[in-house]
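Undergrad: Test case, fold it:
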Amino acid sequence: MNYKHFIFLFVFFLFAPQLLEAQCAMCRAVLESEGNVSSAEGINNGIVYLMAIPYILVAALFFFIYKKMKA
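TA: Numbering: from 1, shown residues only. Okay, here's the model as predicted:
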């Protein structure tokens, strides 16, 4: 796998969670019944960020290990 593929996959997985709905069914039902759209969007963004950060950190760790082993 060359660097172009790695960069593409990194950018895709970095921005893909922002395109998805990441709320559980109960959270979604409560937030939609309130009618406050900005609150629902804030909760959704928070869930996405909490989900994405660990994956980014692990990917960076494995990338640095790969670079260290290759050198």
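
Undergrad: Low-confidence ranges, the chain, go.
TA: For the chain, the stretches with pLDDT under 70 are 1, 16-28.

Undergrad: Need the three-state assignment for the spatially most central residue of it.
TA: Centroid-nearest residue in the chain: Ala52, 2.9 Å away (criterion: CA atoms, centre = their mean). Three-state assignment for Ala52 (DSSP: H, G, I helix; E, B strand; the rest coil): helix.

Undergrad: I figured it hits Leu14, correct?
TA: Yes. Ala52 is within contact range of Leu14, at 7.3 Å (criterion: CB atoms under 8 Å). Any C-beta I mention is one placed from the backbone N, CA and C, and that applies to glycine too.

Undergrad: re earlier: quick check: the gap between the residue nearest to the centre of the chain and Ser33.
TA: 27 Å (CB to CB, to the nearest Å).

Undergrad: name the element Tyr66 belongs to?
TA: helix 37-70 (DSSP states H and E).

Undergrad: For that helix, what is the distance to the chain centroid?
TA: Offset of helix 37-70 from its chain centre (CA atoms, centre = their mean, to the nearest Å): 5 Å.

Undergrad: What residues of it count as buried?
TA: 40, 43-44, 47-48, 52 (16 or more other CB atoms under 10 Å).

Undergrad: Farthest pair within those residues?
TA: Maximum pairwise distance among the buried residues of helix 37-70 (CB to CB): 18.6 Å, between Ala40 and Ala52.

Undergrad: Can you pull the phi and psi angles for Asn36?
TA: phi -90, psi 100 (degrees, to the nearest 10).

Undergrad: Renumber starting at 534 from here on
TA: Got it, first residue is 534 now, which makes that one Asn569.

Undergrad: quick one: contacts for it?
TA: Taking CB atoms under 8 Å, 6 or more residues apart in numbering as the contact definition, Asn569 lies against nothing.

Undergrad: Relative to Asn577, how far out is it?
TA: Going from Asn569 to Asn577 by CB to CB gives 12 Å.

Undergrad: for Leu542, same thing?
TA: In terms of CB to CB, Leu542 sits 24 Å off from Asn577.

Undergrad: Perfect, I'm done here.
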